[in-house]
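Undergrad: for reference, the sequence and a predicted model appear below.
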Amino acid sequence: QAIARNLADFRGLSINPDCILVGAGTDFLYNLLLQLLGQDKVYGVEDPGYGKIGKIYRAGGVRCLPIPMDDQGIRPECLGDAQVLHISPSHHFPSGIVMSHSRRQALLRWAVESQDHWIIEDDYDTEFRFNAHPMPTMASLDKAGRVVYMNTFSRTLAPSIRISYMVLPAEMMER
């Protein structure tokens with residue numbers, strides 16, 4: 001309930017606390033997502049991006065597709081065979097790009113084109129903004145339940161505690 005309140009206050013997410021899963025780091029949660037979404041899907045990852053994500057997915061037996069980026073974020077016209085997108089739209093690593101609102105909308109439209117399309121929104125490192133409010137999360141804009149929201153307490157509490165969480169859409173939480 002505290003996480004749900006925090007997400008409502010600071011990220012504009014209105015969520016059911018029962019849809020929050022807390023885990024021992026993001027690696028654990030990524031592996032859980034592989035089980036929930038399926039290892040038969042093609043996972044699109046940002047290129048350039050945080051290389052560890054692709055390594056975790058490939059170690060889990062899935063095909064990863066690097067998706068090129070421009071100054072607005074991941075390029076929708078380059079999604080190819082991707083069925084699951086892992087993106088960090090609010091603060092991309094290593095570029096620091098913040099994905100534009102129009103690009104977020106384009107990716108949300110892509111997500112509803114198929115029941116196999118999902119977006120994993122990694123909201124890591126958005127708590128520390130000193131000059132502006134962060135853009136709305138993809139999950140707060142998602143009306144179809146196609147976005148999995150992920151974050152961690154590593155930056156706000158301590159890196160050594162390795163506690164992360166994700167908010168699953170209701171349909172996925174049932175599984």
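TA: Received the coordinates, thanks. Only a predicted model underlies this, so the values are computations on that prediction, with no experimental measurement involved. Numbers count the residues shown, from 1 in each chain.

Undergrad: tell me the secondary structure at residue 7.
TA: helix (DSSP: H, G, I helix; E, B strand; the rest coil).

Undergrad: quick one: it from residue 123, how far?
TA: As judged by CB to CB, to the nearest Å, residue 7 and residue 123 stand 9 Å apart. Where you see a C-beta, it was placed from the backbone N, CA and C, and this is true even at glycine.

Undergrad: okay, now the unreliable bits of this protein?
TA: 125-134, 154-161 (pLDDT under 70).

Undergrad: for the residue most central in space within it, give me phi and psi.
TA: The centroid of the chain falls nearest to residue 121 when counting by CA atoms, centre = their mean (1.5 Å). Dihedral angles of residue 121 (phi, psi; degrees, to the nearest 10) stand at phi -100, psi 110.

Undergrad: how about the strands in this structure?
TA: 20-23, 42-47, 63-70, 73-74, 84-87, 118-122, 147-152, 164-167 (DSSP state E).

Undergrad: closest to residue 95 out of the ones you listed?
TA: strand 63-70 (7.2 Å; CB to CB).

Undergrad: residue 89 against residue 73, yeah?
TA: Yes: Residue 89 lies in contact with residue 73 (CB atoms under 8 Å); the separation is 5.9 Å.

Undergrad: now the common contact residues for those two.
TA: 98, 99, 103, 104 (CB atoms under 8 Å, 6 or more residues apart in numbering).

Undergrad: which residue ranges of the chain form helices?
TA: 2-11, 26-37, 51-59, 101-111, 138-141, 170-174 (DSSP state H).

Undergrad: what's the angle from the first one to strand 147-152?
TA: Interaxial angle of helix 2-11 relative to strand 147-152 (axes from the mean of the first three to the mean of the last three CA atoms, to 10 degrees): 100 degrees.

Undergrad: any buried residues in helix 2-11, and which?
TA: By 16 or more other CB atoms under 10 Å, the buried positions in helix 2-11 come out as 3, 4, 7, 11.
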